[in-house]
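>>> Let's see this in three dimensions:
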Amino acid sequence: MCCTTRRQFLRRSAAGAALGGVVPYLCTSRQGRAGSANDRLRIAAIGVGGRGMAITRQAARFGDVVAVCDADRRHAELARKAFDEKPRVYQDYRELLEREDIDVVINATPDHWHTLINVAALKAGKDVYTEKPLTLTVEEGKLLRRVVQQAARIVQVGTQQRSERPFQTAVELVRNGRIGQLRQVWVALPYFSTKGGPFSTEPVPEYLDWDLYQGQAPQRPYCRQRTHKNFRWWYEYAGGIITDWGNHHMDVAHWGMDCELTGPVSVEARGLFPNRGRPQCYNTPDRFFARMEYPNGVELLYFAALNDKRLYGTVAEHQPTTEQEIEWLFGPDVPQEVKSFNRNGIMFIGDRGRVFVNRGGVHGKAAEELEENPLPEDAWRATPSRDHMANFFDAVKQHKEPVSPVRIQHRTVTACHLTNISLRLGRKIVWDPAGERIVGDDEAQRMLSRPQRPPYQINV
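Numbers count the residues shown, from 1 in each chain. Just a heads-up that it's a prediction; the model follows:
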């Protein structure tokens, strides 16, 4: 257990340097850390709750976990025990990043911490595996993309569907014309209820650094529902289901549409907030519908599948959706199949057929006929990857781009952020994907970033 206190650490001048200028990339630095492909890299995990522990265990197949960090000291102590009490424990990530012996950082913190820690780790000369959603705002994504380019380090985003064969098969079928000309894509997320609150203020537990946990977000009184699994239902820390599962499924949609490095030209979204803006309640929508138009003429319908109901964290029930609310949400011209959808996934619709894919598999006539009518040798193929974490460590050791890089995932989550902006403003927005700006709407343009509470600003 580290005996240096956070207060002592913050007094060090090195704390500011950790977020200062970019560490220059030297070709020889990789050899100094991992002289051969058989060397085991040294891993630090920041954010070691449920998901953090899961992916750190995956990473431990390829290296040695030497440090674990969490604003909740209980999580860090449990992680240390899980790895035979070998890792050193930290509560503040900045102290961890001072260590020169760490090669790789696993970042599984809440969403509002992703970019700041990713930037700091890159500047400290580390390669990073980061959980999705990649960013809290569009501007954070633009900043992170620039730092990745400058630091010349490897970043893999945890959109693991890129390394699962059903999604690769669906994308290959679509990109090779097996459903004809692509016309429309449906991206359906589960209906994760956010009905909950108001929650009572509580004393801050002694094991939690609440100020650090809040980070760049506005300071709020502590209640346990703001932490751990439930953070994603607060707009202060996340973007709700729209950015959470949305980063996964929207990624596959863009992949199949061949729009990985562009984005929509317009977004019009609506949403239902079960707690209706009451204070001390979850404040992200749980049912939503968005219509997007893309430069290639494809229309994308993005929505919560009302009949794929899920509960998570401390949420205990779903808000009923009336017929009037359904009609308001989807509008009269949307197919009834969308309004009554009962599964999450991605539906690609062409002029000669449809392909649907989710974590249960790939479905549709084109998929059924694939064994008898395989794609030709010269067909477009997805980058082969069957193990997302293994792909990351291969990329680190070979110093090559992984299957889910920042330059692509920034564009993916941008579509999700634009959905939240349109939904919260209650109006259609026009997006310039080349200039990465909202056209003709200053209020919406300002929402591409958020104020950041000192001293947790992201400085580059």
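>>> Show the contacting residues for residue 241.
189-190, 192, 194, 232, 284, 286, 288, 304 (CB atoms under 8 Å, 6 or more residues apart in numbering). Where C-beta positions appear, they are placed from N, C-alpha and C, glycine not excepted.
>>> nope, residue 82 is what I meant
Applying CB under 8 Å, 6+ apart, the residues contacting residue 82 are 53, 57.
>>> give me the low-pLDDT residue ranges for the stretch 1-150 of the chain?
1-38 (pLDDT under 70).
>>> returning to that earlier point: quick one: which of the contacts of residue 241 is nearest residue 329?
residue 288 (7.4 Å; CB to CB).
>>> what about the residue nearest to the closest one when sequence neighbours are not counted, neighbour count?
Excluding the flanking residues, the one nearest residue 288 by CB to CB, 6 or more residues apart in numbering is residue 271, at 3.8 Å. Close neighbours of residue 271, defined as other CB atoms under 10 Å, add up to 22.
>>> Would you confirm that residue 271 belongs to a strand?
Yes - assessed by DSSP: H, G, I helix; E, B strand; the rest coil, residue 271 belongs to a strand.
>>> Return the subset of the contacts of residue 241 lying in strands.
Per DSSP state E, strands hold the following members of the contacts of residue 241: 189-190, 192, 288, 304.
>>> how near is the residue nearest to residue 288 to residue 443?
Distance, residue 271 to residue 443, by CB to CB, to the nearest Å: 18 Å.
>>> before we move on, what about residue 189?
Residue 189 sits at a distance of 26 Å from residue 443 (criterion: CB to CB).
>>> between those two, which one's more packed in?
Taking other CB under 10 Å, residue 189 and residue 443 do not tie; residue 189 has more neighbours (25 against 11).
>>> out of everything not next to it in sequence, what's closest to the more buried one?
Nearest to residue 189 is residue 245, by CB to CB, 6+ apart, at 4.7 Å.
>>> ditto for residue 450
Nearest to residue 450 is residue 137, by CB to CB, 6+ apart, at 5.5 Å.
>>> I'd like the mean pLDDT over the lengthiest helix in the chain, please.
With secondary structure taken from DSSP state H, the chain has its longest helix at helix 406-425. Averaging pLDDT along helix 406-425 yields 98.
>>> what packs against that helix?
Where contact means 3 or more CB pairs under 8 Å, 6 or more residues apart in numbering; DSSP states H and E, helix 406-425 is packed against helix 138-151, strand 155-157, helix 244-257, strand 266-272, strand 287-293, strand 429-432, helix 442-446.
>>> Please identify which helix or strand holds residue 200.
Using DSSP states H and E, residue 200 sits in no helix or strand.
>>> In contact with it, which residues?
Contacts for residue 200 (CB under 8 Å, 6+ apart) come out as 223, 280.
>>> what's the pLDDT at it?
For residue 200, the pLDDT comes out at 97.
>>> what's the answer for residue 460, then?
pLDDT, residue 460: 84.
>>> how close does it sit to residue 449?
From residue 460 to residue 449 the distance is 13 Å (CB to CB).
>>> Then residue 191?
29 Å.
>>> of the two, who's got more company?
Neighbour count, other CB under 10 Å: between residue 191 and residue 449, residue 191 has more, with 25 against 15.
>>> isn't that one right up against residue 303?
No - under the criterion of CB atoms under 8 Å, residue 191 is not in contact with residue 303, lying 9.6 Å apart.
>>> Can you give me the buried ones in the helix or strand harbouring residue 78?
Using DSSP H and E, residue 78 maps to helix 73-82. For helix 73-82, a neighbour-count test (16 or more other CB atoms under 10 Å) marks 73, 75-77, 79-80, 82 as buried.
>>> do stretch 194-204 as well
Buried residues in stretch 194-204, counted by 16+ other CB under 10 Å: 194-197, 199.
>>> and of those residues, the nearest to residue 429?
Minimum distance to residue 429 across those is 23.0 Å, recorded for residue 194 (CB to CB).
>>> Is that closest one in contact with residue 242, as I believe?
No - contact criterion CB under 8 Å: residue 194 and residue 242 do not qualify, at 11.1 Å.
>>> which residue lies farthest from the center of the protein?
Here the chain reaches farthest from its C-alpha mean at residue 372, the gap being 37.1 Å by CA atoms, centre = their mean.
>>> tell me the SS of that one?
Under three-state DSSP, residue 372 comes out as coil.
>>> For it, give me its contacts.
Residue 372 touches nothing, counting by CB under 8 Å, 6+ apart.
>>> how far away is residue 266 from residue 429?
Residue 266 is 7 Å from residue 429, where distance means CB to CB.
>>> same check, this time on residue 251
Using CB to CB, residue 251 is found at 21 Å from residue 429.
>>> Contacts only, for the residue nearest the centre of the chain.
What sits nearest the mean C-alpha location of the chain, by CA atoms, centre = their mean, is residue 133, with 1.2 Å. Listed by CB under 8 Å, 6+ apart, the contact set of residue 133 reads 111, 114, 238-239, 243-244, 246-247, 413, 416.
>>> Same list (these) but as TSV, adding neighbour count and distance to residue 364.
Listed next are these as TSV, based on neighbours: other CB atoms under 10 Å; distance: CB to CB, whole Å:
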residue	neighbour count	distance to residue 364
111	24	33
114	25	34
238	23	33
239	24	30
243	25	28
244	21	26
246	28	23
247	25	24
413	28	27
416	30	25
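>>> quick check, nearest of the residues you listed to residue 434?
Using CB to CB, residue 413 comes nearest to residue 434 of these, at 17.9 Å.
>>> so that closest one makes contact with residue 136?
No - applying CB under 8 Å as the test, residue 413 and residue 136 come out as separate, 9.4 Å apart.
>>> list the contacts for residue 296?
Contact partners of residue 296, counting by CB under 8 Å, 6+ apart, are 257-259.
>>> closest to residue 214 among these?
Taking CB to CB as the measure, residue 214 sits nearest to residue 259 out of the contacts of residue 296, at 35.2 Å.
>>> and the closest one, how many neighbours does it have?
Applying other CB under 10 Å, I find that residue 259 has 21 neighbouring residues.
>>> Right, I'll leave it there.
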